[in-house]
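Enquirer: Let's see this in three dimensions:
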Amino acid sequence: MDHEEKSVKLKPGDLIEIDRGIYQHWAVYVGDGFVVHLASTSEGPGAGSMSVFTDRAMVKKEKLTDVLGNDKCRINNSKDENYHPHPAQVIVKEACGWVGTVLPYSITRQNCEHFVNVLRYGKAESRSGSTP
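Expert: The predicted structure follows:
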């Protein structure tokens, strides 16, 4: 998906899966070109990738283009088939309410995919235990 397509197709509350090569990063689209995601506690837009040794992460609201960099992404609301998603305005309000919060982080139990799935579905799930 290129940047022009993103602005046309993305709807608030959509889950964004970002292909980082060896892992997938997840964010929730909150509108106006911004996403909320669980990220490194480093300062600055798109700062620092997560590590298996990290035990804390910060909820950040950043421009999708900054989070994306040169990586590709796609809308991935695939769990809609199994779970009823919360209304978009609830997802966005919850996501933005977490911004600035430092949370425990575990690559297998509390990662960015778990975080966005809780926002959209109320379920902390990850496809594999290895999604930072």
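
Enquirer: can you tell me how far the residue nearest to residue 77 when sequence neighbours are not counted sits from residue 55?
Expert: In this structure, residue 77 finds its nearest non-sequential neighbour in residue 15, 5.5 Å apart by Cβ to Cβ, 6 or more residues apart in numbering. For every residue, glycine as well, the C-beta is placed using N, CA and C. Plainly put, residue 15 is 24 Å away from residue 55 if you go by Cβ to Cβ, to the nearest Å.

Enquirer: So for those two, which residue has more residues nearby?
Expert: Ranked by neighbour count (other Cβ atoms under 10 Å), residue 15 and residue 55 place residue 15 first, with 24 against 10.

Enquirer: ok, that one - contacts?
Expert: Residues counted as contacts of residue 15 (Cβ atoms under 8 Å, 6 or more residues apart in numbering) are 26, 27, 28, 29, 75, 76, 77, 116, 117, 120.

Enquirer: just checking, the fifth one touches residue 13?
Expert: No. At 10.4 Å, residue 75 and residue 13 do not qualify as touching, with contact defined as Cβ atoms under 8 Å.

Enquirer: ok, those two, which is more surrounded?
Expert: residue 13 (22 against 16).

Enquirer: would you list every one of the helices in the protein?
Expert: Secondary structure of the chain by DSSP state H: the helices cover 3-9, 64-68, 88-98, 112-121.

Enquirer: Where among these is average confidence lowest?
Expert: Here the lowest mean pLDDT among the helices of the chain goes to helix 3-9, at a mean of 53.

Enquirer: for the closest residue to residue 10 other than its chain neighbours, which residues make a bridge with it?
Expert: Once flanking residues are discounted, residue 10 sits nearest to residue 29: 4.8 Å by Cβ to Cβ, 6+ apart. Beta-bridge partners recorded for residue 29 (DSSP bridges): residue 35.
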